[in-house]
Each structure stands twice: as structure tokens, then as C-alpha cells.
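Novice: From the sequence below, what's the structure:
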Amino acid sequence: MPHCSPVSGALRTGRWRLACFDLDGTLVRGTTVSQHLADRFGQSERMAELERRYATGEISNSVLAEEQARSYRGIPLPQVVEKLSDIV
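Specialist: Numbering: from 1, shown residues only. Predicted coordinates for the structure are as follows:
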């Protein structure tokens, strides 16, 4: 079987350029990353409503993502990373 994917190449060489994880329900229990950030940036109620609307099919995942992006526009990345540091 040929090894053509970036992941299998990384496994062979030991060089990783990017690792992605689905945190919600996998590494994070009892909340979502989105709600965690919203809580820390004072947007708890807004995010809870967006997630409720998504769960009922009222809005799509892309609408939810666009609204989230709009909420965090202008916040420096180091500040977001700091807020994520206590997610465990």
C-alpha cells in the first residue's frame, strides 16, 4: 500500500507540521471550545443561543462559524490562546 498522505509521511519521518484535534466531547468534557471562549470573553448568552439554534437546525454550521468569527474579530491571538489554557 503506497504511503502518499501527509500523515503517513510524517509518521515515517517523525516531522509533524500540524496536528488538529476535535476537542468538543473528545478532550473537553462538559462544554464546547466555543462556549468556553464565549464565557471568558463575556459572550456566554449569545453563544449559548447560537449553539441552541444550531442544535435545532435553525442555523447551519457555516452560519454558526461566521457568527463566532465575527464575535472574536480584533482579539489578538495570544489573548485567545491564554483563554484556552485552562480548558482542561
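
Novice: can you give me the helices for the protein?
Specialist: 6-13, 33-40, 44-55, 61-72, 77-84 (DSSP state H).

Novice: Contacts for the second one, please.
Specialist: If I follow you right, that is helix 33-40. 23-24, 28, 31, 44, 46-48, 51, 68, 71-72, 80, 83-84, 87 (Cβ atoms under 8 Å, 6 or more residues apart in numbering). No exception for glycine: its C-beta is placed from N, CA and C like everyone else's.

Novice: just those now: which is nearest residue 16?
Specialist: residue 23 (18.0 Å; Cβ to Cβ).

Novice: which residue sits closest to the closest one, ignoring its sequence neighbours?
Specialist: residue 33 (5.0 Å; Cβ to Cβ, 6 or more residues apart in numbering).

Novice: Kindly report the same for residue 59.
Specialist: residue 53 is the one closest to residue 59 (Cβ to Cβ, 6+ apart), at 4.7 Å.

Novice: since we're on that neighbour, how many residues are nearby?
Specialist: 15 (other Cβ atoms under 10 Å).

Novice: shouldn't it be in contact with residue 67?
Specialist: No - with contact defined as Cβ atoms under 8 Å, residue 53 does not count as touching residue 67 (9.4 Å).
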